[in-house]
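>>> Provide a 3D model corresponding to the input given below.
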Amino acid sequence: MTAPDLADPPVFAEPWQAEAFALTVHLHAAGAFSWTEWADALSREIEATEADGLPDDGGRYYEHWLAALERLVTARGLAAPQALAARKHAWAKAYRHTPHGQPVTLAAGAG
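Model (predicted):
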């Protein structure tokens, strides 16, 4: 399996989906994992959800994508699970406290 052709970029429903996609492509290009390893991780994530009896119409694809990326990043020792959890918490807090229509940003040192 090869990396996606970026000449025809995908369309994303949310900005975070594009960021997760870009981070995955960047980490692959940097040698953090092969594209086959990535595809296997994503497949396992989707299969696990289906095995839990949660049908998926494709609407949760990037949720699976992000979960697979988090698993690979922690398995490779690129980030500790606690660091990811802290960052998620910081982003959720920032999101809840950002006025509608304004960009969400983290304070220096958050997460």
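>>> list the contacts of the residue most central in space within the chain.
The centroid of the chain falls nearest to L66 when counting by C-alpha atoms, centre = their mean (2.5 Å). Counting by C-beta atoms under 8 Å, 6 or more residues apart in numbering, L66 makes contact with W16, A20. For the C-beta atoms, the positions are set from N, CA and C on the backbone; glycine is no exception.
>>> what pLDDT does it get?
Predicted confidence (pLDDT) for L66: 94.
>>> so it, which of the three states?
helix (DSSP: H, G, I helix; E, B strand; the rest coil).
>>> please renumber the chain so that the first residue is 48 from this point on.
From this message on, residue numbering opens at 48, which makes the last subject L113.
>>> what's the spacing between it and A76?
Computed as C-beta to C-beta, to the nearest Å, the L113 to A76 distance reads 19 Å.
>>> next: G100.
Distance from G100 to A76, by C-beta to C-beta: 36 Å.
>>> these two - which one has more neighbours?
A76 (10 against 6; other C-beta atoms under 10 Å).
>>> how much space is there between that one and E94?
Distance from A76 to E94, counting by C-beta to C-beta: 26 Å.
>>> what does T152 give?
With C-beta to C-beta as the criterion, T152 and E94 are 36 Å apart.
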